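J.: quick one: sequence and predicted model below, then my questions.
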Amino acid sequence: MQKASEVSLAGSATLTPERRATPAYYLSALLDNVLPIAFVLLLWEIVARMEWIHPALFPTVTDIFKKMWELTVEGIFLRDVAHSLLRLLSSVFFAIVVGTLSGLLMGTSRWAERILVPPLNFFLAIPGIAIFPIVILWFGLSEKAIIFTLAFEASLSIMLNTWAGVKSVDTSLINAGRALGCRGARLFYKILIPAALPAIITGYRQGFSRAWRILVAGEMLASIGTGIGFRIFEARAFLASDVMYAGVIVIGILGFLLERVALRSLEIFTVQRWGMVREL
Amino acid sequence: MAEPKLIVRNLRKTFQVDEGFGRFSSINAIDNVNIDVREGELITIIGPSGCGKSTLLMILAGLYDKTSGEVLLDGRPIEGPGLDRGVVFQEFALFPWLTVRNNICFGLKMKGVPAAEHERIIKRYLDMVKLAEFEHIFPHRLSGGMKQRVGIARALAYSPEILLMDEPFGALDAQTRTSLQQMLVDIWAETKKTILFVTHSVREAVFLSDRIVVLSRRPSRVRTILDVKIPRPRVRLSEPFLRCEEELEELIARELSEESSAGAAA
């Protein structure tokens, strides 16, 4: 018997093996991203070594990485990263639960839509960090304040995208689901949610990246004692520019890994495999 | 004679159209349609475009509400969608997140068919639509014709009483169309299903049907019901086929010309 991957479709098109998130994919993605960055670092090192700018303001890359290594070995960075991630993940977890549920509600109930859309649009216009001082009044300079602000920020993006996704589900898919005997809750989780998944995942990605931005600012403002944002802000007091640069780089790496590896993989495994978004 | 499989009595459908600024107008889509569909027949509904034939099918599928009248399947009134009917859509409407196999399995699970039987049933219908090798493929990788074959398999798998097809081959190219028409006739011969098929193609109707219901322009009424007595297998270029095609063509053309003269009079 012929294997499916060799059968020709409609003349010219053939079935090529599906693109998956394989090790080879990550390797080539790594190379594509690492090379240009290595070039920038090299340029930086050369300029910094010329000492046109005072090294306290513009340290060399090697100094920065030396500092990063020290801080890592001392365990300070690991703890900072762990605490930052814990805050991010717990707040995004809340945001996903609240945002997805209310987005689905808005997408399916006309009343919920009427009531929730105007405040949603209003809150979306507010940068999350603007409410942070108010949140501090409520919760004090605490974990709760940061997590609440992040969750607030992320849930709005998730709500908006989930709502838009559910609203734009193809009517013929809903009709097919109904014709196949789905009603009520079943129609919801068997048809509406998977059909709206491309938009929902976009919402998660946006929610993550908005929360990530707020997190760093929040840690700086809350002087919470740990976290990457706090580390950078504290280093400023001692003019420890290498710590500050190292912190910024760690933030960049973490943000990149979260967005491009964790969330992108989710996309590749689901909606892209199903052909619901174009492959890149 | 045996009781008809599907009875449509005095069916009417009026749509409310929102014209904006709080004004509503109503459009009379279907006006008093009566059809009896016999057990095991392949019946086609044809009419000028926009005549409400798809609306009629959607009402039979239970996806639209009727305004008044009666629809009985095996003597029981149709209220809403149900697994006693299989529906094939013009837009295929396969679930992109499920493989071919799981698309076909969907109705089986909904109907509560024991899992032990799934394998055998899925294999039977995959073979019937000649897609056995594509069992584990996601639908977006299939061509249009193949997608619709999955659509047909999905609608048949849970063995509904009647298959309702809404211009299923309308979005396909001419060659694919022809081969799917043949496949449908073969499937019909094998499963002995009652099939109600909506189309705007005269040739398709003549090739497939035991009987052809010609609808008038909107609001639709049954203009004529044509018995197609051409023996099967049918040859598209044979004398009786062409004659039947011409007759049908004329009937529909008359409908359209009445529409334009009615328009001129108004």
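T.: Yes, it's here.
J.: CA atoms of stretch A:89-107 as CSV?
T.: Written as CSV, here are the backbone C-alpha positions of stretch A:89-107 (Å, rounded to 0.1, in the frame of the first residue of the first chain):
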residue,chain,number,x,y,z
LEU,A,89,3.0,32.6,35.4
SER,A,90,0.6,32.8,38.3
SER,A,91,-0.8,36.1,37.1
VAL,A,92,-1.1,34.8,33.5
PHE,A,93,-2.8,31.7,34.8
PHE,A,94,-5.5,33.8,36.5
ALA,A,95,-5.7,36.0,33.4
ILE,A,96,-6.2,32.9,31.2
VAL,A,97,-9.0,31.6,33.3
VAL,A,98,-10.8,34.9,33.8
GLY,A,99,-10.0,36.2,30.3
THR,A,100,-11.0,33.1,28.4
LEU,A,101,-14.2,32.5,30.3
SER,A,102,-15.4,36.1,30.1
GLY,A,103,-14.3,36.3,26.4
LEU,A,104,-16.3,33.1,25.6
LEU,A,105,-19.3,34.6,27.5
MET,A,106,-19.1,37.8,25.6
GLY,A,107,-18.8,35.9,22.3
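J.: what comes up buried for it?
T.: Of the residues in stretch A:89-107, A:91-92, A:94-96, A:98-100, A:102-107 count as buried by neighbour count, 16 or more other C-beta atoms under 10 Å in any protein chain shown. No exception for glycine: its C-beta is placed from N, CA and C like everyone else's.
J.: adding distance to chain B, pLDDT and secondary structure, write the residues you listed out as a markdown table.
T.: Formatted as a markdown table, the buried residues of stretch A:89-107 follow (distance: C-beta to the nearest C-beta, whole Å; pLDDT from 0 to 100; DSSP: H, G, I helix; E, B strand; the rest coil):
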| residue | distance to chain B | pLDDT | secondary structure |
| --- | --- | --- | --- |
| A:Ser91 | 28 | 95 | helix |
| A:Val92 | 23 | 94 | helix |
| A:Phe94 | 26 | 96 | helix |
| A:Ala95 | 24 | 96 | helix |
| A:Ile96 | 19 | 95 | helix |
| A:Val98 | 24 | 96 | helix |
| A:Gly99 | 21 | 95 | helix |
| A:Thr100 | 17 | 94 | helix |
| A:Ser102 | 23 | 94 | helix |
| A:Gly103 | 18 | 94 | helix |
| A:Leu104 | 17 | 92 | helix |
| A:Leu105 | 22 | 92 | helix |
| A:Met106 | 21 | 93 | helix |
| A:Gly107 | 17 | 91 | helix |
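J.: pick out the most distant pair among the residues you listed.
T.: A:Ser91 and A:Gly107 (23.3 Å; C-beta to C-beta).
J.: which bits of the stretch 151-266 of chain B sit near chain A?
T.: Applying C-beta under 8 Å from any C-beta of the partner chain, we find that the stretch 151-266 of chain B lies next to chain A at B:Arg154, B:Tyr158.
J.: what about the helices in the stretch 151-266 of chain B?
T.: B:174-191, B:202-208, B:239-265 (DSSP state H, counting those that start in this stretch).
J.: quick check: mean pLDDT of the longest one?
T.: Averaging pLDDT along helix B:239-265 yields 79.
J.: now it: how far from the chain's centre is it?
T.: Helix B:239-265 sits 22 Å away from the centroid of its parent chain (C-alpha atoms, centre = their mean, to the nearest Å).
J.: so which elements touch that helix?
T.: Using 3 or more C-beta pairs under 8 Å, 6 or more residues apart in numbering or on different chains; DSSP states H and E, the elements in contact with helix B:239-265 are helix B:202-208, strand B:211-215, strand B:222-227.
J.: in the last one, what counts as buried?
T.: Neighbour-count burial for strand B:222-227 flags B:Val222, B:Arg223, B:Leu226 (criterion: 16+ other C-beta under 10 Å).
J.: save the residues you listed as JSON lines, and put in pLDDT and distance to B:Asp74 too.
T.: Output for these, formatted as JSON lines (pLDDT from 0 to 100; distance: C-beta to C-beta, whole Å):
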{"residue": "B:Val222", "pLDDT": "91", "distance to B:Asp74": "22"}
{"residue": "B:Arg223", "pLDDT": "88", "distance to B:Asp74": "27"}
{"residue": "B:Leu226", "pLDDT": "91", "distance to B:Asp74": "25"}
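J.: rebuild those as JSON lines, extending it with distance to A:Leu78.
T.: Shown next, in JSON lines, are those (distance: C-beta to C-beta, whole Å):
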{"residue": "B:Val222", "distance to A:Leu78": "78"}
{"residue": "B:Arg223", "distance to A:Leu78": "80"}
{"residue": "B:Leu226", "distance to A:Leu78": "81"}
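J.: out of those residues, who's nearest chain A?
T.: B:Val222 (24.4 Å; C-beta to the nearest C-beta).
J.: tell me what that closest one is bridged to.
T.: B:Leu215 (DSSP bridges).
J.: quick one: contacts for the residue of chain A found nearest chain B?
T.: Per C-beta to the nearest C-beta, A:Gly275 is where chain A lies closest to chain B, at 2.6 Å. Applying C-beta atoms under 8 Å, 6 or more residues apart in numbering or on different chains, one finds that A:Gly275 lies in contact with B:Pro96, B:Phe138, B:Pro139, B:His140, B:Arg141.
J.: gap between whichever residue of the stretch 51-200 of chain B sits closest to chain A and B:Glu258?
T.: Of all residues in the stretch 51-200 of chain B, the one sitting closest to chain A is B:His140 (2.6 Å; C-beta to the nearest C-beta). Going from B:His140 to B:Glu258 by C-beta to C-beta, to the nearest Å gives 44 Å.
J.: B:Phe89 too?
T.: B:Phe89 sits 31 Å away from B:Glu258, going by C-beta to C-beta.
J.: which residue of these two possesses the greater neighbour count?
T.: Between B:Phe89 and B:Glu258, counting by other C-beta atoms under 10 Å in any protein chain shown, B:Phe89 is the more crowded of the two (26 against 13).
J.: contacts only, for that one.
T.: Neighbours of B:Phe89 in contact, by C-beta under 8 Å, 6+ apart: A:Ser172, A:Asn175, A:Ala176, B:Gly151, B:Asp166, B:Pro168.
J.: need the contact list for the residue nearest to the spatial centre of chain B.
T.: Centroid-nearest residue in chain B, with C-alpha atoms, centre = their mean: B:Met165, separated by 2.2 Å. Contact analysis of B:Met165 by C-beta under 8 Å, 6+ apart lists B:Leu57, B:Val87, B:Val88, B:Ile195, B:Leu196, B:Phe197, B:Val198.
J.: so the fifth one sits right up against B:Ile162, yeah?
T.: If I follow you right, that is B:Leu196. Yes - counting by C-beta atoms under 8 Å, B:Leu196 touches B:Ile162, with 6.4 Å between them.
J.: out of those two, which sits in the more crowded spot?
T.: More neighbours surround B:Leu196 than the other of B:Leu196 and B:Ile162, with 25 against 22 (other C-beta under 10 Å).
J.: between all of the contacts of A:Gly275, which two are at the greatest distance?
T.: B:Pro96 and B:Arg141 (10.2 Å).
J.: one step back: distance to A:Gly229 for the helices and strands packed on helix B:239-265 - can I get that in CSV?
T.: Below are the helices and strands packed on helix B:239-265 laid out as CSV (distance: least, C-beta to C-beta, whole Å):
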stretch, distance to A:Gly229
helix B:202-208, 67
strand B:211-215, 69
strand B:222-227, 73
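J.: quote the end-to-end distance of stretch B:204-216.
T.: 18 Å (C-alpha to C-alpha, to the nearest Å).
J.: how far does that stretch sit from its chain's centre?
T.: That offset, for stretch B:204-216, works out to 11 Å (C-alpha atoms, centre = their mean).
J.: quick check: residues of the stretch 51-200 of chain A near chain B?
T.: Residues of the stretch 51-200 of chain A lying near chain B by C-beta under 8 Å from any C-beta: A:170, A:172-173, A:175-182, A:186, A:191, A:194-195, A:197.
J.: repeat that for 6 Å
T.: Counting by C-beta under 6 Å from any C-beta of the partner chain, the stretch 51-200 of chain A comes close to chain B at A:Ser172, A:Leu173, A:Asn175, A:Ala176, A:Arg178, A:Ala179, A:Leu180, A:Gly181, A:Pro194.
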